[in-house]
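Chemist: give me a 3D structure for the following:
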Amino acid sequence: FLMMDLDTFSETTPLVPNEEKGSKTSSFISLEKSPRGTSPTIDTSNNSVATLEDDFDEDEVDGNTTFANGTNLNKRSPHRQLSTSGSDTNSTSQDYMTVSGVGNSYQNSTTTTGTGTNKLEFSENLFRPKRKRKRRWWNWQRIWKLTKTLLLVAMLVLAAVSFALTEESDESHLYTVDSFSETNVTLHSSKTVVDVTIRVGNSTGNLSLTMFDDNWDRTSGKSIELMGLSFQDATLRRFELNAKPRLLSMITSEAEVPVAVQIQYTSELIRYEVVFAAIVLVLVYILIIFELVHRALASMLGSFIAIGVLSALGKQPSLEVIVSWIDYETLMLLFGMMVIVGVLKETGIFEWMAMKAYKVSKGNRWVLLTLLCFISGIVSAFLDNVTTILLLTPVTIEMCKKILTNPVPVLLAEVIFSNIGGTATAVGDPPNVIIVSNDWATNGHKDIEFAEFTGHMFLGIIFVSFFSFFLLKWLTKESDLDDFELPRIKQLQREIDVWNKYKLRMEIDEGDAKEVVKMLEDKIRVCENELKEVAKKTTALTWQERLQEMEENCTIKNKELLYNAGTVLAVVIILFFVHSVPHIHLNLGWIAVIGAICLLILSGETGLDELMERIEWGTLLFFASLFVLMEALSELGLIGWIGDQTSVLIESVPSESRLSVSIVLVLWISALASSFIDNIPFTTAMIPVIMEIANDPKVDLPLRPLVWALAFGACLGGNGTLIGASANVVCTGLAEKEGYVISFNRFFKLGFPMMLISTSIATVYLLICHSLIKWDNV
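Modeler: Reported below is the predicted structural model:
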């Protein structure tokens with residue numbers, strides 16, 4: 001205890017156990033025998049540093065002590081042995097001992113007793129050795145951890161084995177198919193399930209596919225409509241035969257067409273591929289919801305398992321295909337903006353903006369929260385919502401630190417309204433970009449332009465935002481905002497807990513031990529008084545006094561760097577707005593990366609390694625693995641199955657109520673699906689379904705109401721869960737880097753109700769506009 005640095009104790013101070021009875025002085029504690037009539041002293045001039053953890057588990061095997069962090073202390077090691085000069089002395093007890101600092105670690109904890117500056121006196125009988133408690137080699141926590149690890153490793157190994165043992169046997173061919181004679185492809189496999197992927201150039205008419213087995217039994221696939229297709233569009237047809245395949249026959253109804261054919265021989269278990277995909281998705285969500293592993297690791301594990309399932313079913317993708325599943329544009333956008341934000345943070349602009357926002361709100365936290373939500377929604381409507389969150393999150397965290405407010409509820413409100421605001425325009429959210437970029441001009445339908453899309457969506461988002469804000473205010477309690485503690489308060493509370501723990505472990509049979517307990521009580525009393533003073537000082541300030549304090553501390557640190565960074569950021573944002581202009585072929589990712597490199601050149605950034613440490617690599621890794629996971633689930637047919645079931649439900653509805661039911665079905669299926677799977681592949685899979693429904697004369701539904709329903713559902717559904725939208729993950733990653741953890745469950749408690757209410761308001765809006773008013777039902 002006497003070696004504890006009481007005045008500089010912090011949360012990072014490690015706790016280590018004393019040596020047991022019979023031990024000698026360690027290399028960093030020299031125990032000297034004092035003259036007769038005086039107490040022995042501890043020489044703390046040696047400044048070695050201990051690096052053991054607070055919580056440890058020790059197993060006694062041949063005199064060794066093994067800690068949870070892997071450190072092994074051999075009690076016979078000369079580096080850990082205690083040696084005395086003269087007669088033996090009683091060793092310290094088995095309680096924890098605090099070892100702090102580097103350099104002059106123990107200078108502040110010495111006492112002046114006349115034996116020297118770095119000498120601490122204590123009686124030979126200060127501590128009585130406690131009876132050693134024998135610990136079991138197992139406990140339930142250890143068993144659970146070991147079981148979890150073995151299961152996860154086993155799943156990963158099985159996926160790797162499945163991938164390694166499956167040979168890539170895809171057959172790819174390029175043919176010219178016409179309407180005069182059949183084009184035949186000879187097949188070589190013993191498997192009875194064959195997947196045929198067709199890619200064709202733009203043409204007219206239909207392409208018919210027929211497959212024959214060894215018994216010359218004919219199996220015909222659904223004909224493929226060639227209008228509007230290109231070599232980038234893949235169409236899958238599956239043939240389930242009674243015997244091994246022999247021949248594939250193709251013929252067109254009109255013109256000569258170039259056709260690329262890819263053939264995969266799959267397992268009969270392919271019939272259950274949707275079930276396997278659902279199991280993988282549920283597994284990933286279990287890992288994330290219960291926080292069994294980090295979400296990036298859960299996504300990586302899920303992507304490997306999904307690829308293993310594909311390999312086991314005979315649909316093994318090549319490494320080139322897997323790499324192509326990653327959306328590099330999104331990763332480049334995130335990386336470039338993270339670099340720009342990291343440089344901006346060095347200028348002090350975020351603290352300065354936090355001070356200005358607090359000044360505008362005049363200390364009213366709800367006014368401030370309303371202002372932040374409004375800014376987040378408006379900016380996200382015209383700028384990508386991921387970029388918006390990257391810029392707003394550091395400002396919000398700094399502001400909340402200054403005004404003693406918990407930043408987690410504020411960040412959640414910002415990201416939710418960022419997703420809502422991004423729904424309003426064609427550039428605010430990636431699903432909207434995909435929808436507007438698609439060619440809808442088929443079968444007499446007009447193409448959807450930017451202005452038309454924004455006009456329909458923006459009006460609905462106004463109503464959604466209005467009602468969503470009142471729900472947010474009802475769900476966010478004052479106690480949530482008040483749940484904030486200064487670092488000094490946390491440090492004092494931690495210190496008080498530690499001293500109380502030592503006090504309870506002390507045995508007070510000896511007189512010297514009573515003195516130690518009294519010293520502990522005095523220290524606890526000092527800490528408690530300081531805690532009260534700090535709490536009183538921080539809560540007693542008026543908003544004007546706190547504003548004055550912020551104005552003194554929150555100033556621009558580097559104006560030249562701010563000028564350079566602000567100029568680059570302004571140019572990048574302008575290019576974000578005009579990147580969709582014809583003849584400009586820079587996407588968002590390239591713009592962000594070019595801006596980041598330009599800023600590094602202008603600022604003369606020399607500490608590049610430090611800047612790279614501020615990049616959210618875990619977030620980037622999570623997105624990369626999530627893209628692979630979602631594409632693998634799409635290959636397993638999960639997303640396509642959702643679209644097909646939606647189409648079947650719509651076709652089964654009576655014609656008099658079909659439009660209203662179709663709007664509700666498309667909207668809510670899109671919202672719920674986008675809450676749990678990435679909305680980008682879902683939107684891509686749903687667009688052909690929407691076009692097929694609108695072009696079917698039997699169904700007879702207008703195109704545009706279904707498109708608006710898909711856009712509302714895919715964007716608003718992102719608020720449902722933590723991984724429902726890219727902005728959610730980015731905000732969580734930035735908050736964790738500052739020490740504020742937003743768990744899946746914490747996000748779900750606020751985000752899912754907000755998603756339900758906002759989607760309900762959008763449903764009412766669409767039904768009024770298109771079922772009652774019949775607004776633009778074409």
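Chemist: can you pull out the low-pLDDT segments for the stretch 451-600 of the chain?
Modeler: Scanning the stretch 451-600 of the chain for pLDDT under 70 picks out 483-488, 506-512, 536-541, 580-584.
Chemist: try the chain
Modeler: In the chain (pLDDT under 70), the answer is 1-138, 168-170, 443, 483-488, 506-512, 536-541, 580-584, 605-606, 777-778.
Chemist: look through it and tell me its longest strand.
Modeler: The single longest strand within the chain, with elements called by DSSP state E, is strand 257-266.
Chemist: other SSEs contacting it?
Modeler: Counting contacts by 3 or more Cβ pairs under 8 Å, 6 or more residues apart in numbering; DSSP states H and E, strand 257-266 is packed against strand 171-177, strand 183-186, strand 193-200, strand 245-252. For glycine as for every other residue, the C-beta is placed from the backbone atoms N, C-alpha and C.
Chemist: and the second one, what's buried?
Modeler: When neighbours are counted by 16 or more other Cβ atoms under 10 Å, the buried residues of strand 183-186 are found to be 183, 185.
Chemist: centre of the chain to it, how far?
Modeler: Taking Cα atoms, centre = their mean, to the nearest Å, the mean C-alpha location of strand 183-186 is offset from the chain mean by 48 Å.
Chemist: mind saving the C-alpha coords of that strand as CSV?
Modeler: The C-alpha trace of strand 183-186 is given here as CSV (Å, rounded to 0.1, in the frame of the first residue of the first chain):
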residue,chain,number,x,y,z
THR,A,183,-27.7,-23.2,-80.7
ASN,A,184,-26.6,-26.3,-78.7
VAL,A,185,-24.1,-26.5,-75.8
THR,A,186,-22.8,-30.0,-74.8
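Chemist: contacts for that strand, please.
Modeler: Residues outside strand 183-186 that contact it (Cβ atoms under 8 Å, 6 or more residues apart in numbering): 173, 175-177, 246-251, 259, 261, 263.
Chemist: list the strands paired with that strand, with their directions.
Modeler: With DSSP bridges as the test, strand 183-186 is paired with strand 245-252 (antiparallel).
Chemist: so what touches the partner strand?
Modeler: Here strand 245-252 has contacts from 175, 177-179, 181-187, 189, 191-192, 194, 196, 203, 205-214, 216, 226, 239, 259, 261, 263, 265, using Cβ under 8 Å, 6+ apart.
Chemist: re earlier: now the helices and strands packed on strand 257-266 in CSV, with distance to residue 162?
Modeler: Supplementary listing: these in CSV, determined by distance: least, Cβ to Cβ, whole Å:
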stretch, distance to residue 162
strand 171-177, 21
strand 183-186, 28
strand 193-200, 17
strand 245-252, 23
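Chemist: how about the ones you listed, which one is nearest residue 767?
Modeler: strand 193-200 (38.5 Å; Cβ to Cβ).
Chemist: check contacts around residue 705.
Modeler: Per Cβ under 8 Å, 6+ apart, neighbours of residue 705: 659, 662-663, 766, 769-770, 777.
Chemist: quick check, nearest of these to residue 480?
Modeler: Out of the contacts of residue 705, the member with the shortest distance to residue 480 (by Cβ to Cβ) is residue 766, at 32.8 Å.
Chemist: just checking, the closest one touches residue 712?
Modeler: Yes - Residue 766 is in contact with residue 712 according to Cβ atoms under 8 Å; the separation is 7.1 Å.
Chemist: show me the contact partners of stretch 456-472.
Modeler: Here stretch 456-472 has contacts from 370, 373, 377, 381, 413, 416-417, 420-421, 423-425, 432, 704, 708, 711-712, 716, 750, 753-754, 757-758, 761-762, 765-766, 769, 776, using Cβ under 8 Å, 6+ apart.
Chemist: and if we set it to 7 Å?
Modeler: 373, 377, 413, 417, 420-421, 423-425, 708, 711-712, 753-754, 757-758, 761-762, 765 (Cβ atoms under 7 Å, 6 or more residues apart in numbering).
Chemist: check stretch 728-736 too.
Modeler: With contacts defined as Cβ under 7 Å, 6+ apart, stretch 728-736 is touched by 334, 386, 389-390, 393-394, 397, 411, 415, 616, 618-619, 622-623, 718, 722-723, 742, 747.
Chemist: same thing with stretch 623-634?
Modeler: For stretch 623-634, the surrounding residues in contact (Cβ under 7 Å, 6+ apart) are 277, 280-281, 284, 296, 299-300, 302-303, 306-307, 310, 322, 325-327, 330-331, 334, 639, 677-678, 681, 685, 723, 726, 729.
Chemist: looking at strand pairing, list the partners for residue 237.
Modeler: residue 196.
Chemist: what is the burial count for residue 283?
Modeler: 17 (other Cβ atoms under 10 Å).
Chemist: can you give me the strands in the stretch 101-250 of the chain?
Modeler: For the stretch 101-250 of the chain, the strands defined by DSSP state E, counting those that start in this stretch cover 119-121, 171-177, 183-186, 193-200, 206-213, 218-220, 224-225, 235-240, 245-252.
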